[in-house]
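**Q** Return atomic coordinates for the entry below.
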Amino acid sequence: MSKIKTIASRILPSPANTFHTKIQELKDEIRAENNPFLLWNDNASDLYKKAHSFKQYWEQNNFREEYFRLISGMGLTCREEIGRIHSRLEMLLETQGYIDFFTSKEKQRIRHQQEWYKNNVFRIDDACFGFGGFLLPIRASFMMAVLYLDNYGLDSLCNMEAIRQKSIIDAGAYIGDSLICLSKITNESVFCFEPMKANYEKLCSTIELNNISNAVPVQVALGNKAGTTQFIYDTSGSMQAPPGLIKITIKKL
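**A** Got it, this is the predicted structure:
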C-alpha cells in the first residue's frame with residue numbers, strides 16, 4: 001500500500017500534459033530494476049557523445065573506402081566484431097533512454113564475471129587486494145574480465161612455445177595487470193613501459209607483491225621518435241591519478 005501511495009504521489013500532482021511522461025518514467029525505472037543490464041543513454045551521456053563522435057566520421061564521403069581499408073585482410077571473426085561495434089553505435093544514436101545493449105550470451109558472461117569477482121576478490125589492506133591467486137595494489141574490478149577470466153587472450157595463441165625464449169614489450173603497462181599474465185609465458189624479460197608516475201608506482205608495487213623476477217619497469221612512453229610531449233588524461237581511462245595535463249618522456253623503440 002505504501003508503494004502505491006508513493007507512486008500516486010509522484011503522478012497525481014503533475015500537470016495533465018506531463019502525466020504520460022511520468023508514467024513512462026516509472027515504467028523505465030521498473031524495467032531497469034528488473035533488468036540490471038539496461039544502460040541509460042541520452043544526449044548528455046558519455047555513451048551518446050562517443051557514438052556522436054563516430055557519426056561525424058561515419059558521415060564523411062570516404063567512409064566506405066576507409067571501412068574497406070580497415071577490414072582488408074581480416075578474417076570472418078574480426079569482420080563480425082567490427083560489424084557488432086558499428087551496429088551498437090547506431091543503436092546508441094537511435095535510442096534515447098534505457099537500452100537493452102547486451103546479447104543473452106554476453107549477459108551470461110557478465111553474470112559469470114560478477115560471480116567470480118564476488119567469490120575471489122578480497123582486501124588484505126588498503127594497498128593490497130587479492131584476485132584469486134594474484135595480488136594488486138588496487139581493487140580494480142574492471143580488470144577481472146580480461147585478466148583473470150580470459151588471461152588477456154593468451155590462451156588462444158597457437159604456438160606459445162615460440163614465445164617462451166623471447167622478451168616481451170608491454171607498452172602501456174598501467175599497474176602491471178597484463179604483466180602478471182605475460183611474465184608467466186616467457187623465460188626472458190618483460191619490458192613494462194608506463195609513463196604515468198602514479199601508474200608506474202603501482203606497477204612497481206604489483207611486481208613486488210607477486211615476486212615477479214623477469215619484469216623490467218620503465219617510466220617512459222614509446223613513440224616513433226624520442227622526446228617529450230604533453231599528456232592529457234582523465235579518470236575515465238586506465239589512470240590512477242586526478243585529471244590533468246602533464247609532460248611525459250618518449251623513448252623511441
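
**Q** Go ahead and confirm Arg164 touches Leu157.
**A** No - here Arg164 lies out of contact with Leu157, judged by Cβ atoms under 8 Å, at a distance of 11.4 Å. For the C-beta atoms, the positions are set from N, CA and C on the backbone; glycine is no exception.

**Q** Find the nearest non-adjacent residue to Asp42, please.
**A** Counting by Cβ to Cβ, 6 or more residues apart in numbering, Asp42 lies nearest to Gln96, which is 5.7 Å off, once chain neighbours are set aside.

**Q** Who are the contact partners of the one you found?
**A** Neighbouring residues of Gln96 by Cβ atoms under 8 Å, 6 or more residues apart in numbering: Asn41, Asp42, Asn43.

**Q** correct me, but the second one touches Tyr48?
**A** To tie it back to what came earlier, the one meant is Asp42. Yes - proximity of Asp42 to Tyr48 meets the contact threshold set by Cβ under 8 Å, at 6.4 Å.

**Q** The two: which has the busier surroundings?
**A** The residue with more neighbours, out of Asp42 and Tyr48, is Tyr48; 18 against 10, by other Cβ atoms under 10 Å.

**Q** Make sure the more buried one is indeed in a strand.
**A** No - residue state for Tyr48 (DSSP: H, G, I helix; E, B strand; the rest coil) corresponds to helix; a strand is not indicated.

**Q** measure it to Phe101 for me?
**A** Plainly put, Tyr48 is 13 Å away from Phe101 if you go by Cβ to Cβ, to the nearest Å.

**Q** Kindly report the same for Ser189.
**A** For Ser189 relative to Phe101 (Cβ to Cβ), the value is 41 Å.

**Q** What of Ser87?
**A** 11 Å.

**Q** Can you show me the strands along the stretch 1-150 of the chain?
**A** 38-41, 97-100, 121-125, 128-131, 134-136 (DSSP state E, counting those that start in this stretch).

**Q** quick check: mean pLDDT across stretch 114-134?
**A** For stretch 114-134, mean pLDDT rounds to 85.

**Q** Include distance to Phe54 and pLDDT when you put the contacts of Gln96 into a markdown table, please.
**A** A markdown table is the format used below for the contacts of Gln96 (distance: Cβ to Cβ, whole Å; pLDDT from 0 to 100):
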| residue | distance to Phe54 | pLDDT |
| --- | --- | --- |
| Asn41 | 14 | 76 |
| Asp42 | 17 | 77 |
| Asn43 | 15 | 74 |
